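J.: Sequence and predicted structure below; questions after.
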Number of protein chains: 2
Amino acid sequence: MSIHAQVSIILVGTSHPGNLGASARAMANMGLVKLALANPRCNPLDETAITRASGADHILRDAQIFPDLATAITNDQLVYAFTARRRGMSHQILDVRTACVDAVTQISNGVRLAFVFGPENTGLSNRETDLCDHLVEIPSENLHASLNLAAAVQVASYELRMSTSGTNPVINSTRELASKFEHQQLLAQLEQIVKQECPPRHSGLRNRMLKRMALLLARAKPDKADLRMLRGMLKLVTKLSKN
Amino acid sequence: MSIHAQVSIILVGTSHPGNLGASARAMANMGLVKLALANPRCNPLDETAITRASGADHILRDAQIFPDLATAITNDQLVYAFTARRRGMSHQILDVRTACVDAVTQISNGVRLAFVFGPENTGLSNRETDLCDHLVEIPSENLHASLNLAAAVQVASYELRMSTSGTNPVINSTRELASKFEHQQLLAQLEQIVKQECPPRHSGLRNRMLKRMALLLARAKPDKADLRMLRGMLKLVTKLSKN
């Protein structure tokens, strides 16, 4: 399957070149390249558009331009219409995450699909959403339901990417964690120091202190270098106390 | 738990008022309200900012302004730094989805947290990310890795909302995490002790040691009692060295 070849972003009746540029950037960030403009009301190669594209102006230059949504989608097999307005009638509304999970299944079956976004002020008309297979909503606050156009493209492209790649929760970790034996060595060293100062009648306090330290250490998930540093610090302290 | 009261978005060194406005709008869309600006390089009430906020200008008007990140986070207990650049050292990098799942658990435990975003051109400096507990990455294309600032705020706020709405019961903890101010106090105390013993020509070593300690402390997510214990231990050590 190929996200590049099979997914189009279609922007309908866009007025602000900044939004075209920012949408192109959002697409490039997430690995999408096919942009179509249906009845655009501004120049996609306007200076503002190019600036906001921030290096993704190839997407603007390659954008296909159509007179309306109907002609823009002729080559697509499945069309998702993004909307902030609740509508009556027959369409089922999906949230963007559900829609993207569905889309990825479709893509892996070889389907060519489009995500469609309406004009900044009005959104898609009912006549336009009637051309689409699904209505998609980005969950948001009732009082501030309407996302900026490029922000909506960003969220949709991001979700599509997340649905495509199996998540990879922790991205980086070359740290070699210390062994429990190394924890114990450190705690023993610490215990000695505490014993030196804390009188035996305070052994309850001392034990609670050491236990708290052990828990803290466990949560910190120290690596080997961390442990060396901590032991070095304790040695330094011991030296101090002998001066 | 309250997303409104417990989550701050902190923008560091922002240059473009349009990004401030668009970030405020993105926050409002997703139900966030607390914005802090650290060393802003433009006027948050500039006409462009207000226009791009599109009705969310109350967030700009209420934004708290700080000279730098260190002062902006003093009241927070857990800080997530968003970054597109891979860095060295021992910070664990989380993807934004994993970070938000973690954040929601923390929020439900009463923790006050911040999502931090750097300047448009450079991102956060290493000195700034060192102040934070986690590095967070928004998965993206290698060749176009860097999202627009407001787009990044949009994705993060959206993910946080998605993680919140799906929340399943989490194990509640009664631990009250220490504030960053308390971390800083401890680290200052530690620095003094290390300085006593470590000769000035070893200041590089000393700084690496303290930096490693700060990272370790952040990972351990100490609560207020842990901090009291650690400071008590340091006092004890200081006493030892004076005997």
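T.: Cool, the structure landed. Numbering: from 1, shown residues only, chains lettered A, B, ... in the order given.
J.: Just give me the residue closest to the centre of chain A.
T.: Of all residues in chain A, the one closest to the mean position by C-alpha atoms, centre = their mean is A:Tyr158, 5.6 Å from it.
J.: Alpha carbons of the helix or strand harbouring that residue, as PDB, please.
T.: Using DSSP states H and E, the element containing A:Tyr158 is helix A:149-164. C-alpha atoms of helix A:149-164 as PDB (Å, rounded to 0.1, in the frame of the first residue of the first chain):
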ATOM      1  CA  LEU A 149      -8.400  24.800   7.800                       C
ATOM      2  CA  ALA A 150      -4.700  23.900   7.800                       C
ATOM      3  CA  ALA A 151      -4.900  22.800  11.400                       C
ATOM      4  CA  ALA A 152      -7.700  20.400  10.400                       C
ATOM      5  CA  VAL A 153      -5.500  19.100   7.500                       C
ATOM      6  CA  GLN A 154      -2.700  18.700  10.100                       C
ATOM      7  CA  VAL A 155      -4.700  16.600  12.500                       C
ATOM      8  CA  ALA A 156      -6.200  14.400   9.700                       C
ATOM      9  CA  SER A 157      -2.700  13.800   8.100                       C
ATOM     10  CA  TYR A 158      -1.200  13.100  11.500                       C
ATOM     11  CA  GLU A 159      -4.000  10.600  12.400                       C
ATOM     12  CA  LEU A 160      -3.600   8.900   9.100                       C
ATOM     13  CA  ARG A 161       0.100   8.600   9.700                       C
ATOM     14  CA  MET A 162      -0.400   7.300  13.200                       C
ATOM     15  CA  SER A 163      -2.900   4.700  11.900                       C
ATOM     16  CA  THR A 164      -0.500   3.600   9.200                       C
END
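J.: So which residues of chain A form helices?
T.: Counting by DSSP state H, chain A has helices at residues A:3-6, A:17-30, A:47-53, A:57-61, A:69-72, A:96-108, A:126-129, A:149-164, A:180-197, A:203-220, A:224-242.
J.: Single out the most deeply packed of those helices.
T.: helix A:17-30 (a mean of 28; mean count of other C-beta atoms under 10 Å in any protein chain shown). No exception for glycine: its C-beta is placed from N, CA and C like everyone else's.
J.: chain center to it: distance?
T.: 16 Å (C-alpha atoms, centre = their mean, to the nearest Å).
J.: I'd like the mean pLDDT over that helix, please.
T.: Computed over helix A:17-30, the mean pLDDT rounds to 98.
J.: so what secondary structure elements neighbour it?
T.: Helices and strands touching helix A:17-30, by 3 or more C-beta pairs under 8 Å, 6 or more residues apart in numbering or on different chains; DSSP states H and E, are strand A:7-12, strand A:34-38, helix A:47-53, helix A:57-61, helix A:149-164, helix B:149-165.
J.: switch to 10 Å and redo it
T.: Judged by 3 or more C-beta pairs under 10 Å, 6 or more residues apart in numbering or on different chains; DSSP states H and E, helix A:17-30 is in contact with strand A:7-12, strand A:34-38, helix A:47-53, helix A:57-61, strand A:113-117, helix A:149-164, helix B:17-30, helix B:149-165.
J.: and of those, who's closest to B:Asn121?
T.: helix B:149-165 (10.0 Å; C-beta to C-beta).
J.: picking up where we left off before, the helix holding A:Tyr158 and chain B, any residue contact?
T.: Yes: against chain B, helix A:149-164 shows contacts by C-beta under 10 Å from any C-beta of the partner chain at A:150-155, A:157-159, A:161-162, A:164.
J.: Give me the angle between that helix and helix A:17-30.
T.: Here helix A:149-164 runs at an angle of 10 degrees relative to helix A:17-30 (axes from the mean of the first three to the mean of the last three C-alpha atoms, to 10 degrees).
J.: Quick one: work out the angle between helix A:149-164 and strand A:113-117.
T.: Comparing the axes of helix A:149-164 and strand A:113-117 via the same axes, to 10 degrees yields an angle of 150 degrees.
J.: so how far is helix A:149-164 off the chain centroid?
T.: Put simply, helix A:149-164 sits 8 Å off its chain's centre (C-alpha atoms, centre = their mean).
J.: Stretch A:131-149 too?
T.: Distance, centroid of stretch A:131-149 to centroid of chain: 18 Å (C-alpha atoms, centre = their mean).
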